[in-house]
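> No sequence on hand, only this structure:
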Ligand code: PLP
């Protein structure tokens with residue numbers, strides 16, 4: 001029963017990213033099943049999943065074709081590795097499908113189990129590339145504050161989350177510049193002015209480190225876990241210019257943005273970015289199986305393959321047949337249904353419109369979003385942007401109100417975050433917006449506003 005499960009969970013299960021004090025006191029929910037865009041806990045409560053799991057179940061929870069593809073593959077070939085000179089059919093097909101669906105100069109894929117490992121792989125690929133070019137001094141990597149790129153040592157070093165760095169991570173060849181978060185950092189500047197200024201921090205950092213030592217810049221097209229930070233229109237063109245002129249590889253972390261979240265297949269497409277490497281994970285299998293990887297452009301793969309040597313990197317489950325079968329089935333659904341285009345055309349505008357109405361709410365300072373991706377920033381005072389409460393307590397309260405009222409949304413800093421499945425209907429977007437509105441009302445009244 002639920003009470004026993006909860007107690008065993010508290011006694012034996014170390015949860016990722018969970019406040020152990022609160023968890024020991026209150027316990028959590030046991031999620032027992034899911035259907036369409038709803039998850040159900042073991043007490044029978046239904047919750048509309050306004051986060052697509054962890055930004056991964058873009059097609060919701062009832063995609064039988066993915067389940068069947070995995071079942072079939074498990075019967076045929078449940079496992080074999082891709083090391084040395086072996087391969088398996090789903091991995092081969094998925095690599096070629098991803099090459100077809102990515103920008104033209106991406107023709108190779110390295111598979112991992114997760115986004116974190118994929119970002120570690122990026123570092124190894126970039127370092128290997130420059131070693132092969134005879135530029136071993138080019139090792140420094142620039143990332144952004146408040147970024148999330150995963151939890152392994154290297155990926156969390158790339159990340160810029162202070163709370164993670166406080167727990168003693170950080171590789172000495174990784175450096176951070178500011179994020180394009182206009183509401184937080186823009187001050188009196190217009191978003192466009194701010195976009196240029198914050199992009200030029202990249203140039204300043206390159207000068208500081210020495211261009212000949214800088215290998216790559218990594219960023220999400222839209223920073224997700226950091227708070228759905230929508231860059232000003234001027235930001236990405238300026239970053240692209242700097243990377244082009246200064247001979248810096250550009251790594252687009254598409255772990256959240258990829259596969260339709262921003263309204264196109266890739267966040268890089270939405271912003272006209274031309275990366276050299278693209279990290280993917282999460283929605284590649286609709287979250288049903290663990291799978292990540294790196295899409296490698298010809299710039300790098302020509303050098304790696306041309307060397308004829310070995311890239312001494314790999315994971316037991318790189319290109320796992322069952323995960324790749326899930327990936328193939330997911331891509332099949334995305335293409336056959338045209339859901340990326342139809343969600344961008346029919347659902348996302350309504351989602352963005354409904355959320356933007358909250359700008360008139362007394363505790364909302366900014367609403368930002370793109371595609372099926374949005375954040376609502378909470379304030380006590382709209383003019384001064386004073387926060388609702390210390391330590392993001394206002395947003396935590398608001399999130400709990402929403403969760404307890406059957407809506408799964410997240411809090412990041414002082415922002416409420418939502419990224420619902422692309423398969424939501426207009427009516428379901430209305431339910432999401434209504435419930436978020438109720439949580440905002442309850443929070444305002446809790447703080448006497
Ligand atoms: N990159 C981004 C942008 C992410 O949002 C995440 C996870 O949330 C990761 C990388 C890490 O992926 P994983 O949790 O699969 O290791």
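Received, thanks. These numbers were taken from a predicted model, which means no experiment stands behind them.

> name the helices or strands packed onto the host helix or strand of residue 130?
Element membership for residue 130 (DSSP states H and E) is helix 115-132. Applying 3 or more C-beta pairs under 8 Å, 6 or more residues apart in numbering; DSSP states H and E, one finds that helix 115-132 contacts strand 106-112, helix 153-158, strand 214-219, strand 249-253, strand 277-280, strand 292-297, helix 298-306. For the C-beta atoms, the positions are set from N, CA and C on the backbone; glycine is no exception.

> Can you spell out which helices and strands pack onto the last one?
Right, the one you point to is helix 298-306. strand 106-112, helix 115-132.

> elements contacting the first one?
Pointing back at strand 106-112 there. So strand 106-112, by 3+ C-beta pairs under 8 Å, 6+ apart, packs with helix 89-101, helix 115-132, strand 292-297, helix 298-306.

> Could you break the protein into its assigned domains?
Following automatic domain parsing, one gets these domains for the chain: 2-62+338-446, 65-337.

> so how far is the last one from its chain's centroid?
This means domain 65-337. Chain-centre distance of domain 65-337: 10 Å, with C-alpha atoms, centre = their mean, to the nearest Å.

> Same question for the first one.
Relative to the centre of its chain, domain 2-62+338-446 is centred 16 Å away, using C-alpha atoms, centre = their mean.

> what's the distance between the nearest residue to residue 29 once chain neighbours are set aside and the ligand?
The spatially closest residue to residue 29, leaving aside those adjacent along the chain, is residue 41, at 4.4 Å (C-beta to C-beta, 6 or more residues apart in numbering). To the ligand, residue 41 is 22 Å away according to C-beta to the nearest ligand atom, to the nearest Å.

> on that earlier part again, just say which of the domains of the chain is most tucked in.
domain 65-337 (a mean of 20; mean count of other C-beta atoms under 10 Å).

> So that domain, near the ligand or not?
Yes - contact of domain 65-337 with the ligand (C-beta under 6 Å from any ligand atom) involves 114-116, 119, 148-150, 220, 224-225, 253, 255-256, 281, 292.

> quick one, helices of the stretch 201-350 of the chain?
Using DSSP state H, counting those that start in this stretch, the helices of the stretch 201-350 of the chain run over 235-246, 267-271, 298-306, 321-337, 339-342, 348-356.

> how about the closest residue to residue 120 other than its chain neighbours, what does it touch?
Residue nearest to residue 120 in three dimensions, not counting chain neighbours: residue 154, with 4.4 Å by C-beta to C-beta, 6+ apart. Counting by C-beta atoms under 8 Å, 6 or more residues apart in numbering, residue 154 touches 119-120, 123, 171.

> Likewise for residue 402?
50, 408-409, 416, 435-436, 438-439.

> could you dump the helices of the stretch 201-350 of the chain to JSON lines with mean pLDDT?
Below are those laid out as JSON lines (pLDDT from 0 to 100):
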{"stretch": "helix 235-246", "mean pLDDT": "98"}
{"stretch": "helix 267-271", "mean pLDDT": "98"}
{"stretch": "helix 298-306", "mean pLDDT": "98"}
{"stretch": "helix 321-337", "mean pLDDT": "98"}
{"stretch": "helix 339-342", "mean pLDDT": "98"}
{"stretch": "helix 348-356", "mean pLDDT": "98"}
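
> Many thanks, we can stop here.
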